[in-house]
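Colleague: Sharing a model that was predicted from the sequence below.
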Amino acid sequence: MEETLTVIRLGVPELLRRTLATTNPIESAFSVAENVTRRVKRWREGDMRQRWCVAGLMRAENKFHRVKGYRHMSELLKALDRLVLGKGLDENRKIA
């Protein structure tokens with residue numbers, strides 16, 4: 001809930017905000033990676049584990065679509081810069 005309120009306070013337009021307020025893209029990517037790594041029968045050292053996980057995420061990447069509201073990414077970056085540089089969030093913005 002806190003992350004959703006942060007996205008709202010950043011002042012990101014509605015379409016991009018809906019995309020950023022959900023974990024569906026991350027869960028979908030991990031699901032595809034899990035399906036790829038499920039077939040591995042013999043895990044060896046850490047490098048091999050990393051390669052299999054990356055292979056799964058790269059397969060998931062092919063299924064990704066454009067982020068809804070991608071044209072507003074510059075506004076998001078500016079808001080994040082303001083936050084990082086210490087100028088704070090827009091507290092005057094109504095949340096509901």
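Modeller: Okay, I see it.

Colleague: CA atoms for contacts and neighbours, from now on please.
Modeller: Will do.

Colleague: Show me the helices in the chain, by range?
Modeller: 2-9, 14-20, 24-38, 46-61, 73-84 (DSSP state H).

Colleague: what's the pLDDT at the residue located most distally from the centre of the chain?
Modeller: Within the chain, Arg42 marks the point farthest from the mean C-alpha position, 30.7 Å out by CA atoms, centre = their mean. Looking at Arg42, its pLDDT is 77.

Colleague: Equivalent analysis for the one 5 residues further on, please.
Modeller: At Asp47, the predicted lDDT confidence score is 79.

Colleague: how many neighbours does it have?
Modeller: 10 (other CA atoms under 10 Å).

Colleague: do the same with Met73
Modeller: Neighbour count of Met73, defined by other CA under 10 Å: 14.

Colleague: and if you look at Thr23?
Modeller: Thr23 has 9 nearby residues by other CA under 10 Å.

Colleague: Just give me how far stretch 32-51 sits from the chain centre.
Modeller: A distance of 23 Å separates the centroid of the chain from that of stretch 32-51, by CA atoms, centre = their mean, to the nearest Å.

Colleague: Tell me the buried residues in that stretch?
Modeller: By 16 or more other CA atoms under 10 Å, the buried positions in stretch 32-51 come out as Val32, Ala33, Val36, Thr37.
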